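J.: structure of the sequence below:
(one chain, ligands or ions: 2)
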Amino acid sequence: MTTIAVVGAGAWGTALASLYARGGAKISLLGRDPAIAAAINTAHENPRYLPGIDLPPSLRATIDPAEALTGCDLVLLVVPAQTIAATAAALAPHLPADAVPVLCAKGIERETGRFMSELVAAALPGRPIGVLSGPSFASDLARGLPTAVTVAAASETLADSLARALSTETFRCYASSDLRGVEAGGALKNVLALAAGIVVGRGLGASAQAALVTRGFVELRRLGEALGGRPETLMGLSGLGDLVLTCSSPQSRNFSYGAALGRGDDLARLKLAEGVFTAAIAARLARDSGTEAPIIATVAEVLSRNLTIDEAVQQLLARPLKREVG
Ligand SMILES: NC(=O)C1=CN([C@@H]2O[C@H](COP(=O)(O)OP(=O)(O)OC[C@H]3O[C@@H](n4cnc5c(N)ncnc54)[C@H](OP(=O)(O)O)[C@@H]3O)[C@@H](O)[C@H]2O)C=CC1
Ligand SMILES: O=C(CO)COP(=O)(O)O
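T.: Ligands and ions are numbered 1, 2, ... in the order given. Alright, predicted model coming up:
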């Protein structure tokens, strides 16, 4: 049986760990806050990140890396994208030599433009790497609702074996060898979900939302391909699938953050969504590769306060468009 360690006791890490604990897997969850670990172990709840959701009593959380990682075959890295590099480096001394990291964060490092797999390859050299991404809200997974995602690795053999090891009755993992396409889809959809949220928050209606999602998909495909992803990957679960999910549900932090921007809410109390960190670097990668990405560029401009929301909405939807293709 595969032994899985999950690093990051936030919403997504706790949901993944509880899924595997429910399935009877050998699983450990590594957090950094002793109070959260204690609540998971005794009250079987993660009160900060998944309040009100019952976790399986068999799920054990710890804040001790050696305890969590000793003997693991797979280590799921489920911390925010901007912290992946430092987290992977800190884990290195505790990881078994043949443990495979599986990256579950969606984003691009904002200072360098590097993808999660590049950061982890540098921090944990010589290891094959997996990426898990697709339309999947933590609270859905933690409630045992059916979910399907893509699991990618550069080698088809590894992708197949990771997809088998990580699938359960309710969590279907499709294998892919397009690591870059899967990562690009997950990172770019976060920025596009912010744009969809802005449109909805501004009260522009479902028709405008559908237009934004469709044009956003064109952009995701175009930029995703420019960054090295394959078209079929970008049209799959980790691209189109995740875009549809996060552009249409207030459960998405990116969508909700965009909606708050669109409404003109006070953002001080809102948790920053991944797309907030990714927008500017995604816009720069688009410029550098000569790829048209007006929606992503607009979100980056709004977040850096170079555009008002009204100006942004004009750019997102009211500007006369050229032909629809491409
Ligand atoms: N939530 C979801 O539905 C989904 C999320 N994802 C992706 O998973 C990733 C994690 O998201 P999510 O679980 O929602 O985030 P949360 O904010 O819910 O949790 C983040 C976790 O990471 C820990 N953490 C924060 N900063 C650091 C750091 N510098 N070093 C180590 N640990 C840190 C937090 O610990 P502490 O509590 O101590 O701050 C917390 O345990 C993101 O990239 C997201 O895009 C993917 C699919 C679904
Ligand atoms: O990636 C997600 C679902 O697939 C979660 O999206 P948010 O980060 O926008 O909440």
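
J.: tell me which helix or strand R164 sits in.
T.: helix 156-166 (DSSP states H and E).

J.: what of W12?
T.: helix 11-22.

J.: touching ligand 1 at all, that helix?
T.: Yes. Under the criterion of Cβ under 6 Å from any ligand atom, helix 11-22 makes contact with ligand 1 via 11-13. Where you see a C-beta, it was placed from the backbone N, CA and C, and this is true even at glycine.

J.: can I get the host helix or strand of V200 in CSV, CA atoms only?
T.: Using DSSP H and E, V200 falls within helix 179-201. The C-alpha trace of helix 179-201 is given here as CSV (Å, rounded to 0.1, in the frame of the first residue of the first chain):
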residue,chain,number,x,y,z
LEU,A,179,3.3,18.7,-16.8
ARG,A,180,3.6,22.2,-18.1
GLY,A,181,0.1,22.3,-19.6
VAL,A,182,-1.5,21.1,-16.3
GLU,A,183,0.5,23.7,-14.3
ALA,A,184,-0.3,26.5,-16.8
GLY,A,185,-4.0,25.8,-16.7
GLY,A,186,-4.1,25.8,-12.9
ALA,A,187,-2.2,29.0,-12.6
LEU,A,188,-4.0,31.0,-15.3
LYS,A,189,-7.5,30.0,-14.4
ASN,A,190,-7.0,31.7,-11.0
VAL,A,191,-6.4,35.0,-12.7
LEU,A,192,-9.4,34.5,-15.0
ALA,A,193,-11.6,33.6,-12.1
LEU,A,194,-10.7,37.0,-10.6
ALA,A,195,-11.9,38.6,-13.8
ALA,A,196,-15.2,36.6,-13.8
GLY,A,197,-15.7,37.7,-10.2
ILE,A,198,-15.2,41.3,-11.0
VAL,A,199,-17.9,41.1,-13.8
VAL,A,200,-20.4,39.4,-11.5
GLY,A,201,-19.6,41.6,-8.5
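
J.: buried residues, it. List them.
T.: By neighbour count on 16 or more other Cβ atoms under 10 Å, the buried set for helix 179-201 is 179-201.

J.: quick one: contacts for the residue nearest the centre of the chain?
T.: Most central in the chain under Cα atoms, centre = their mean is K106, positioned 3.0 Å from the mean C-alpha point. Residues counted as contacts of K106 (Cβ atoms under 8 Å, 6 or more residues apart in numbering) are 81, 133, 183, 186-187, 189-190, 242, 274.

J.: of all pairs in those residues, which one is the farthest apart?
T.: A81 and D242 (14.3 Å; Cβ to Cβ).

J.: among those two, which residue is more densely surrounded?
T.: D242 (28 against 24; other Cβ atoms under 10 Å).

J.: contacts only, for the more buried one.
T.: 106, 133-136, 185-186, 189.

J.: could you dump these to TSV with distance to T147 and pLDDT?
T.: Listed next are these as TSV, based on distance: Cβ to Cβ, whole Å; pLDDT from 0 to 100:
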residue	distance to T147	pLDDT
K106	15	98
S133	12	98
G134	8	98
P135	7	98
S136	5	98
G185	16	98
G186	15	98
K189	16	98
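
J.: pick the one among these closest to ligand 1.
T.: Nearest to ligand 1 among the contacts of D242 is K106, at 3.8 Å by Cβ to the nearest ligand atom.

J.: for the closest residue to ligand 1 within the chain, which non-adjacent residue is closest in space?
T.: Ligand 1 sits closest to G10 of the chain, with a gap of 1.7 Å, by Cβ to the nearest ligand atom. Once flanking residues are discounted, G10 sits nearest to Y49: 4.9 Å by Cβ to Cβ, 6 or more residues apart in numbering.

J.: tell me how far the one you found lies from S139.
T.: 10 Å (Cβ to Cβ, to the nearest Å).

J.: ok so, going back, which pair in the contacts of D242 spans the largest distance?
T.: S136 and G185 (12.9 Å).
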